[in-house]
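Novice: Got a sequence here, can you model it:
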Amino acid sequence: MILKWGIALRTDDQLIGSITLFNLDFTHRRAEIGYALGREYWGQGYMNEALMALLKYAFEDLNLHRIEADVDPRNTASIKTVERLGFQREGYLRERWQINGEIQDAYFYGLLRQEWVG
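Specialist: Next comes the predicted model:
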């Protein structure tokens, strides 16, 4: 199951990004998150606000216990974003992805319901 939402500006409803909750597993009460934001909107708090809403929905409405995120180790802004939200780095996955012909590593993050500040 995949749930995907657009991120839009309140001022003019312009779509500036997206957030996704995927690989939902209600038996084990876990899911993964993904997100993307237009470069010109980076560093303005939009992603933090959107992910806070997604986590609230995941933990409170869907009653999930664990949310996971996979982050490119070179993406310091994304690392700061998930860590600010309370995610804990749980692993380093070597050569996990091949994107546009490039082999890339990944940091693996997890956030448990009881750790979430909300």
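
Novice: okay, now residue 39: neighbour count?
Specialist: If you count neighbours by other CB atoms under 10 Å, residue 39 ends up with 6. All C-beta spots, glycine's among them, are computed from the backbone N, C-alpha and C.

Novice: Kindly provide the distance from it to residue 99.
Specialist: Between residue 39 and residue 99 the computed distance is 17 Å (CB to CB, to the nearest Å).

Novice: In a strand, residue 106, correct?
Specialist: Yes - with DSSP: H, G, I helix; E, B strand; the rest coil as the criterion, residue 106 is part of a strand.

Novice: Quick one: neighbours of it, just the number.
Specialist: The burial count for residue 106: 17, using other CB under 10 Å.

Novice: Report the contact partners of it.
Specialist: 70, 71, 72, 73, 92, 93, 96, 97 (CB atoms under 8 Å, 6 or more residues apart in numbering).

Novice: who does it bridge with?
Specialist: residue 93 (DSSP bridges).

Novice: Assumed residue 83 was part of a helix.
Specialist: Yes - assessed with three-state DSSP, residue 83 lies in a helix.

Novice: Let me see the residues that make contact with the helix-or-strand element of the chain with minimal mean pLDDT.
Specialist: When the helices and strands of the chain are scored by mean pLDDT, DSSP states H and E, strand 88-99 comes last with a mean of 91. Strand 88-99 has contacts (CB under 8 Å, 6+ apart) with 70, 73, 83, 103-111, 115.

Novice: How far off centre is the longest helix seen in the chain?
Specialist: For the chain, the helix with the greatest residue count under DSSP state H is helix 46-56. Taking CA atoms, centre = their mean, to the nearest Å, one finds helix 46-56 lying 9 Å from the centre of the chain it belongs to.

Novice: just checking, next helix/strand downstream of that helix?
Specialist: Next helix or strand after helix 46-56 toward the C-terminus (DSSP states H and E): strand 66-71.

Novice: Within its sheet, name the partner strands of that next one and how each one runs.
Specialist: Counting by DSSP bridges, strand 66-71 is paired with strand 30-37 (parallel), strand 102-112 (antiparallel).

Novice: before we move on, the earlier item: just put the contacts of strand 88-99 in a markdown table and tack on distance to residue 16 and pLDDT.
Specialist: Converted to a markdown table, the contacts of strand 88-99 look like this (distance: CB to CB, whole Å; pLDDT from 0 to 100):
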| residue | distance to residue 16 | pLDDT |
| --- | --- | --- |
| 70 | 22 | 95 |
| 73 | 25 | 95 |
| 83 | 22 | 96 |
| 103 | 30 | 92 |
| 104 | 25 | 92 |
| 105 | 28 | 90 |
| 106 | 25 | 93 |
| 107 | 25 | 97 |
| 108 | 27 | 97 |
| 109 | 23 | 98 |
| 110 | 27 | 98 |
| 111 | 24 | 98 |
| 115 | 28 | 92 |
